[in-house]
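Chemist: No letters, just coordinates:
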């Protein structure tokens with residue numbers, strides 16, 4: 001198996017996540033989060049999980065990330081740029097905790113005996129089979145999720161408009 005493509009998408013996801021955490025502008029943070037989501041979707045596709053990858057790209061990189069960008073643009077104050085000084089003590093302690101958690105997870109994973117088992121057979125379901133099933137018996141949960149995302153976006157717009165009208169009054 002060629003590991004160059006999964007390694008590229010993993011690096012893209014990590015770079016997007018680090019940028020989302022470290023940038024100061026909220027819009028830039030949201031766009032970096034879109035990059036991290038897209039990298040994860042590409043990683044899923046590169047590793048053979050096409051449905052999970054396409055769902056990741058469509059739902060998170062598309063719908064949720066756009067919802068986040070709209071919410072940030074509607075709610076934030078345009079006149080006032082919030083500048084906070086970087087506190088290196090907090091950053092260093094956060095990095096230390098992240099490294100310790102990474103070491104703990106790596107030790108747990110390397111000591112697990114299930115890593116030495118043979119890989120299971122690949123599933124025979126295709127994206128077409130999953131799509132047929134979702135558009136058949138499972139159409140109701142899919143539509144409910146769509147309505148829930150639409151209601152969340154409308155709620156964010158209404159809350160943002162109420163706050164703007166209260167500030168102008």
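Modeler: Yep, it's here. Note that this is a predicted model, so its numbers are computed, not measured.

Chemist: quick check: longest helix of the chain.
Modeler: Assignment by DSSP state H gives helix 139-168 as the longest helix of the chain.

Chemist: helices or strands next to it in the packing?
Modeler: helix 65-75 (3 or more Cβ pairs under 8 Å, 6 or more residues apart in numbering; DSSP states H and E). To be clear about C-beta, it is placed using only N, CA and C from the backbone, and glycine gets the same treatment.

Chemist: Now the helix it packs on: buried residues?
Modeler: 65, 67, 68, 69, 71, 72, 74 (16 or more other Cβ atoms under 10 Å).

Chemist: which two from those residues end up farthest apart in space?
Modeler: Greatest spacing in the buried residues of helix 65-75, by Cβ to Cβ: 65 and 74 (14.9 Å).

Chemist: sorry, back to before: closest one to residue 156 out of the buried residues of helix 65-75, please.
Modeler: residue 71 (4.6 Å).

Chemist: pretty sure that closest one contacts residue 155?
Modeler: No: applying Cβ atoms under 8 Å as the test, residue 71 and residue 155 come out as separate, 9.7 Å apart.

Chemist: Secondary structure element holding the residue positioned nearest the centre of the chain?
Modeler: For the chain, the residue nearest the mean C-alpha position is residue 37 (4.2 Å; Cα atoms, centre = their mean). In the assignment (DSSP states H and E), residue 37 maps to helix 26-46.
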